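K.L.:
Sequence and predicted structure, then a few things I'm wondering about:
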Amino acid sequence: MDAAIERALAEDLGPAGDVTSLAVLSAELSARGTLLAKSPGVIAGLALAARTFLRLDPEARVRALVPEGAEVASGT
């Protein structure tokens, strides 16, 4: 799983990182986010998502509000 995360981040961020974020955001900035389903579906990949966030910030906290495999409505 870690190798897949590294490949995806390398492809997405490139060698310079996210240049827009680096230019406009402070490294000390703290943020909070919510991921919502755009359409009805089945939740999959929670462990991969959590591990990716933790790879980017070891102090990140990830909390799933629905379990893996749950059927969700749009906006959940």
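P.N.:
Sure, I can see it.
K.L.:
which residues touch Val72?
P.N.:
37, 40-43, 66 (C-beta atoms under 8 Å, 6 or more residues apart in numbering). For every residue, glycine as well, the C-beta is placed using N, CA and C.
K.L.:
pLDDT at it, what is it?
P.N.:
Per-residue confidence (pLDDT) for Val72: 97.
K.L.:
ok, for it, nearest residue in space, not its chain neighbours?
P.N.:
With C-beta to C-beta, 6 or more residues apart in numbering as the criterion, Val72 has its nearest non-adjacent residue at 5.0 Å, and that residue is Ala37.
K.L.:
Check which helix or strand that neighbour maps to.
P.N.:
In this structure, Ala37 sits in neither a helix nor a strand according to DSSP states H and E.
K.L.:
per-residue pLDDT, it?
P.N.:
94.
K.L.:
so what does the worst-scoring helix or strand of the chain on mean pLDDT touch, helix or strand wise?
P.N.:
Ranking every helix and strand in the chain by mean pLDDT, DSSP states H and E puts helix 19-24 at the bottom, with a mean of 84. Helices and strands touching helix 19-24, as assessed by 3 or more C-beta pairs under 8 Å, 6 or more residues apart in numbering; DSSP states H and E, are absent.
K.L.:
to the chain's geometric centre, what's the distance from it?
P.N.:
18 Å (C-alpha atoms, centre = their mean, to the nearest Å).
K.L.:
which residues are in contact with the helix or strand just after it?
P.N.:
Per DSSP H and E, the first helix or strand lying C-terminal to helix 19-24 is strand 41-42. Identification of contacts with strand 41-42 by C-beta under 8 Å, 6+ apart yields 69-72.
K.L.:
Where strands are concerned, which of those count?
P.N.:
71-72 (DSSP state E).
K.L.:
Not counting its own residues, what contacts the least confident helix or strand of the chain?
P.N.:
Helix 19-24 is contacted from outside by Ala16, using C-beta under 8 Å, 6+ apart.
K.L.:
Thanks a lot, catch you later.
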